[in-house]
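Q: return atomic coordinates for the entry below.
(2 chains)
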Amino acid sequence: MIAIIDYGMGNLKSVVNACHALGHEVIITAQKKRIQEADHLILPGVGAFPDCMENLAAQGLIDVIKHEVQNNKPLLGICLGMQVLFEQSDEVRPCAGLGLFKGKITKMHDDTVKIPHIGWNRLEYKDSDPMLKGLNHPFVYYVHSYYASGYEESDLIASSNYGSLQIPGAFRKNNLWATQFHPEKSGNDGLTILQNFLETTQ
Amino acid sequence: MHTKRIIPCLDVKDGQVVKGVNFVGLKEIGDPIALAKQYYEQGADELVFLDITATHEVRNTMVDIVEAVAKEIHIPFTVGGGIKNVDDMKTMLRCGADKVSLNSAAVKDPSLIQKGAEMFGSQCIVIAIDAKQRETKDGWNVVIHGGRIDTGIDVLDWVKQVTKLGAGEILLTSMDADGTKQGFDIALCKAVNDLIEVPLIASGGCGALSHFYDVFSQDAADAALAASLFHYNDLSIHEVKQYLSYRGIAIRNHVPSIEEWISRLDFDKQGGLIPVIVQDEQSDEVLMLAYMSKKSLQITMEKGLACYFSRSRNCLWLKGETSNHFQHVKQLCMDCDHDTLLMRVEQDGAACHTQAHSCFYTTYDFREENTNEK
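A: Okay, the predicted model is just below:
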C-alpha cells in the first residue's frame, strides 16, 4: 500500500490519479499507524516551507517520517515535499527542515530568465540510476522559485539547466527519493519515474 | 533545456467542446474527455478548459468532465470560465484541475486574485485577459464577458496589478486576432511579456506553423495556445513541435531511438531506397543528391558519417572511405510525406568526385544578369 502523507497542503488528487493510472492502490493519510504500515510513502506539497514544517509538526508527523526513512522505507518527496527533506530553508524566514538530505533551500537568482521557473525542462545526468530506468533524458514539469544548494554531490541524480542556473532536479539516497519537479504532472516519463519508485523495496 | 509550451484549448459548452470565430458563431466539435486524451497522447504540454456554459444547472457537468480528464491525463491543466469566487476555485482544484483561470470575475473583484493565491498558491492562479486594441491605436483595453464589454482598463496597467496581487500566469487573448488565423498579436504579447516575471501564454490568431515560430522567436511568450487549429486537425501538436524543433526553438519532444526514427520513413515507395538531399550546414549550399537504404541510413546515424547506397555499384558506400572527403552529419530532416531526406553536413574537402565543392555546377541560368546570351 502507498500512503500519501496529507498534512493539509497541496493538491493530492493528481498524485492519487498518477498512482491509480499505474495500477496501484493509495491512501491519503495523516495517521502515524497508516504511515508505519505503508510500503511506500509519498510526501507531496505546494506552498511555503515554514507553513509546511508547521503543519507537519502540528500533526505530529516529523518523528514518524524520520523514523520510517531511517528504517529505509521508500519515501518520495515531491516539490516542496522534496525541499523539506533538506536541513534548512530561507523561504519567508530561516526555518529548519527534516535534515534527511544535507543542504539548504535558497531563492533562485538569474536576471536573464523569469523566476519562478515554470514549465518543462530536460533532465541532464551522466550516470544511470534506478530512478531513471527506462528513460532517455526526459522532460519534466517544474514550478518553483527556490532550489537546493550545498547538497552532497553523491545524492544528486539529475539536474536541469535554466538560464545560468543548474537546477537540482532529483536526489536519491538509498530509498529516500526526491524530485523538485512534479513526476505526477510530467506525462508518461513522469509516470515511469513514479513506477521506478514504486518498484523499490524496503 | 527549458522549453516553450504548446497548449490546446478546449472551450466547453453544455458538456461539448465548441469553437467560435471572433467569439461568436459557435460550432460543436466533440467530446472533451476524448479530445483531452488525444492531445495528451500527441504531446500537448498542458491543457486549458474554458467553460462557456451560460446557465447554472449545466455547471455540474463541468465538474464531472474535470474529474474524468484528471484521471486520463498526467500533464498540468487549467480550468476557467464561470469561476466567480474562492469556492468555485476550490471545487475545480479538488476535482483535479492544477490551475484555475479567472477573467471577468477578477476584473469585478481584484481581491479574488490575492485570496486565491494565498489559499492555493500563486501557481494555481491564471489570469485570463481578453485584450482589444483601442480605436486610437495607442494601446489595448481589457474586455470582459466574452468580448461584449469594454472595461476601459488599460491592459498593461491591469497586468501590473494582477501580478502584484499574486497571479501565477497570464493567459492573454487578442480579440483582434482571435479566429482570424493571421497569427498571434506579437506587439501586444511583447508589451505584456516585457512587464512580467510570471509566464505569458499567448492566445488568439494562430493559423499556421510559422505563427508559433514567430511568437517564440521574438520572445513574446512562454507558451502558445490554440484551439480550432488542433480541433479541426489542420495541424497536429506533434507536427507543430517537430517544426519548432527544426527551427531551433526549445520544445519538449519525445527523442526517438534511431530504429524508431528510421521506421517512420517510407522505403517501400521507391524500391527500398530514399533520396537524400545533402546540404552544407554552414552555407546552406546544396552539395549533392544520393540514395540511402535502410542499412546505410542506420550506419549513417550510428557513425555520424554519411553512408549511402551506390546504385551503380549496388553496394553500401561510406562517403570518404577512399577519398577522405567525409561528410559529418549535423542534422537529418524527413519531408512531409516521409519519403525524402534532407541531410545537413560538414563536408571534408569536396562533395563531388570531380573535386568541385558541390555536384551542381553545370547551370542553365534564367536570371536576367546571368543569361548565357547577352
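Q: what about the residue in the stretch 251-374 of chain B positioned nearest to chain A, neighbour count?
A: Scanning the stretch 251-374 of chain B for the residue nearest chain A gives residue B:252, at 4.1 Å (criterion: CB to the nearest CB). For every residue, glycine as well, the C-beta is placed using N, CA and C. Neighbour count of residue B:252, defined by other CB atoms under 10 Å in any protein chain shown: 27.
Q: in this structure it contacts residue B:44, no?
A: No: counting by CB atoms under 8 Å, residue B:252 sits too far from residue B:44 to count as a contact (9.8 Å).
Q: tell me, what's touching those two both at once?
A: A shared contact of residue B:252 and residue B:44, defined by CB atoms under 8 Å, 6 or more residues apart in numbering or on different chains, is any residue touching both; here there are none.
Q: what's in contact with the lengthiest helix in chain A?
A: Among the segments of chain A that qualify as a helix by DSSP state H, the longest is helix A:187-198. The contact list for helix A:187-198, computed with CB under 8 Å, 6+ apart, reads A:2, A:18-19, A:21-22, A:24, A:40, A:74, A:76, A:130-135, A:138-141, A:170, A:177, A:179, A:181-184, A:186, B:40, B:74-75.
Q: give me the buried positions along the helix or strand bottoming out on mean pLDDT in chain A.
A: Using mean pLDDT, DSSP states H and E, the weakest-scoring helix or strand in chain A turns out to be helix A:49-58, at a mean of 92. Using 16 or more other CB atoms under 10 Å in any protein chain shown as the burial criterion, the residues of helix A:49-58 that qualify are A:49-53, A:55-56.
Q: which is the next helix or strand following that helix?
A: Counting by DSSP states H and E, the next helix or strand C-terminal to helix A:49-58 is helix A:62-70.
Q: how about the top strand by length along chain A and chain B, any contact?
A: Using DSSP state E, we find that the single longest strand of chain A is strand A:165-173. No: interface with chain B: strand A:165-173 contributes nothing (CB under 8 Å from any CB of the partner chain), its closest point being 9.2 Å away.
Q: could you do stretch A:143-159 as well?
A: Yes: under the criterion of CB under 8 Å from any CB, chain B is reached by stretch A:143-159 at residue A:143.
Q: domains in chain B, by residue range?
A: For chain B, whose domains are defined here by automatic domain parsing, the residue ranges read B:5-246, B:258-347.
Q: quick one: which of the ones you listed has the weakest pLDDT on average?
A: Here the domains of chain B differ in mean pLDDT, and the lowest is domain B:5-246 at a mean of 90.
Q: that domain: end-to-end distance?
A: Distance between the boundary residues of domain B:5-246 (CA to CA, to the nearest Å) amounts to 15 Å.
Q: below-threshold pLDDT in chain A: ranges please.
A: Per-residue confidence of chain A (counting by pLDDT under 70) places the weak regions at A:10.
Q: what ranges do the strands span in chain A?
A: For chain A, strands defined by DSSP E occupy the ranges A:2-5, A:26-29, A:40-43, A:75-78, A:88-89, A:95-96, A:104-107, A:117-122, A:139-144, A:146-149, A:156-162, A:165-173, A:176-179.
Q: just the stretch 51-200 of chain B next, same as before
A: When secondary structure is read from DSSP state E, counting those that start in this stretch, the stretch 51-200 of chain B shows strands at B:77-80, B:99-102, B:125-133, B:140-144, B:149-154, B:169-174, B:200-203.
Q: who's in contact with the second one?
A: The list of residues contacting strand B:99-102 from outside it, by CB under 8 Å, 6+ apart, reads B:48, B:50, B:76-81, B:83, B:88-89, B:92-93, B:112-113, B:116, B:120, B:123-128, B:168-169, B:171.
Q: in the sheet, which strands lie alongside the longest strand of chain A, parallel or antiparallel?
A: Looking at strand A:165-173 with DSSP bridges, its paired strands and their directions are strand A:156-162 (antiparallel), strand A:176-179 (antiparallel).
Q: if we can go back for a sec, how about the least confident helix or strand of chain A, does it get close to chain B?
A: No: Helix A:49-58 is not in contact with chain B by CB under 8 Å from any CB; minimum separation 10.3 Å.
Q: next one: that helix to chain centre, how far?
A: Distance of helix A:49-58 from its chain centroid, counting by CA atoms, centre = their mean, to the nearest Å, is 16 Å.
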